[in-house]
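Peer 1: predicted model, plus sequence, below.
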Amino acid sequence: MNIILADDHNLVRESLRLFLEKNLVGAAITEAETLPEAINACHKSPHDLALLDLEMPGMEGTEGIRKMRESFPGTKIVIISGASLASSDVRILLKSGAAGFIPKSMGSAPMLEALNAILLGGTFTPSSHDLPISSLSRPIVDMTAEPWSLFSARETEVVNLLLKGMSNKEIAQALGIEEITAKMHLNKIYRKLNVSSRIQAVTKILKKQ
């Protein structure tokens with residue numbers, strides 16, 4: 001697995017590189033200090049994952065994500081940042097093509113869970129950006145009808161909890177499973193619904209009622 005790690009702070013790159021090499025067996029890390037450097041590195045060889053600092057030279061916000069996505073559609077883009085972003089800003093990053101947003105302050109264990117979820121084809125935002133829908137009052141969907149019958153029994157349970165506005169952590173606690181397992185179930189649900197986020201999933205389900 002090839003990973004491009006782009007950040008203009010040497011200490012951050014060194015720390016993340018050590019973390020990735022220790023926890024992602026077989027990962028080959030390429031470093032860059034700017035977005036143009038990262039793009040050049042990806043032109044030389046394909047990369048599976050790109051960790052891009054939101055504030056480094058050349059990013060220009062979502063424009064940098066767009067450039068990377070258009071040039072390398074097969075590369076999963078993860079935005080890292082030391083800044084605190086509002087949920088609306090995180091949504092914009094995801095809509096622009098990022099597969100996830102990871103704060104630099106995140107602990108090593110949850111960061112590894114996040115990267116694994118993304119590598120499995122999902123998206124990730126911190127729990128504070130899970131965007132629960134607490135005002136949901138419509139009845140739970142009939143899971144015996146198409147396409148809901150495609151869900152496994154466990155996925156059906158997850159969908160019902162999702163419709164109640166529960167966060168990933170709350171779903172995990174309700175089902176007695178690990179949070180990363182709940183995220184994996186959600187990723188499978190998203191794929192079956194042909195959506196990429198919990199908001200899109202809930203919207204699509206409610207439209208079917």
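Peer 2: Right, received. Where do you want to start?
Peer 1: residues making contact with stretch 112-125?
Peer 2: 1, 23-24, 48-49, 76, 78, 90, 94, 99-102, 106, 179-180, 183-184, 186-187, 190-191, 196-197 (Cβ atoms under 8 Å, 6 or more residues apart in numbering). The C-beta positions use only the backbone N, C-alpha and C, and glycine is treated the same way.
Peer 1: next, the buried residues of that stretch.
Peer 2: Buried residues in stretch 112-125, defined by neighbour count with 16 or more other Cβ atoms under 10 Å: L112, E113, A114, L115, N116, A117, I118, L119, G122, T123, F124, T125.
Peer 1: possible to save the residues you listed as JSON lines with pLDDT, secondary structure and distance to M166?
Peer 2: Output for the buried residues of stretch 112-125, formatted as JSON lines (pLDDT from 0 to 100; DSSP: H, G, I helix; E, B strand; the rest coil; distance: Cβ to Cβ, whole Å):
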{"residue": "L112", "pLDDT": "84", "secondary structure": "helix", "distance to M166": "23"}
{"residue": "E113", "pLDDT": "80", "secondary structure": "helix", "distance to M166": "18"}
{"residue": "A114", "pLDDT": "84", "secondary structure": "helix", "distance to M166": "19"}
{"residue": "L115", "pLDDT": "86", "secondary structure": "helix", "distance to M166": "23"}
{"residue": "N116", "pLDDT": "81", "secondary structure": "helix", "distance to M166": "22"}
{"residue": "A117", "pLDDT": "80", "secondary structure": "helix", "distance to M166": "17"}
{"residue": "I118", "pLDDT": "84", "secondary structure": "helix", "distance to M166": "21"}
{"residue": "L119", "pLDDT": "82", "secondary structure": "helix", "distance to M166": "25"}
{"residue": "G122", "pLDDT": "78", "secondary structure": "coil", "distance to M166": "17"}
{"residue": "T123", "pLDDT": "82", "secondary structure": "coil", "distance to M166": "17"}
{"residue": "F124", "pLDDT": "82", "secondary structure": "strand", "distance to M166": "17"}
{"residue": "T125", "pLDDT": "80", "secondary structure": "coil", "distance to M166": "15"}
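Peer 1: which one of the residues you listed is nearest R13?
Peer 2: Distance ranking of the buried residues of stretch 112-125 against R13, using Cβ to Cβ, places L115 first at 15.9 Å.
Peer 1: now the helices for this protein?
Peer 2: If DSSP state H is used as the criterion, the helices of the chain fall at 10-23, 35-44, 62-71, 87-95, 108-119, 153-163, 168-175, 179-193, 198-207.
Peer 1: show me the shaky parts of the chain.
Peer 2: Low-confidence segments of the chain (pLDDT under 70): 127-149, 206-209.
Peer 1: could you redo the last one with a cut-off of 50?
Peer 2: 128-144 (pLDDT under 50).
Peer 1: which of the contacts of stretch 112-125 count as buried?
Peer 2: Buried residues within those, counting neighbours by 16+ other Cβ under 10 Å: 24, 49, 76, 78, 90, 94, 99-102, 179-180, 183-184, 186-187, 190, 196-197.
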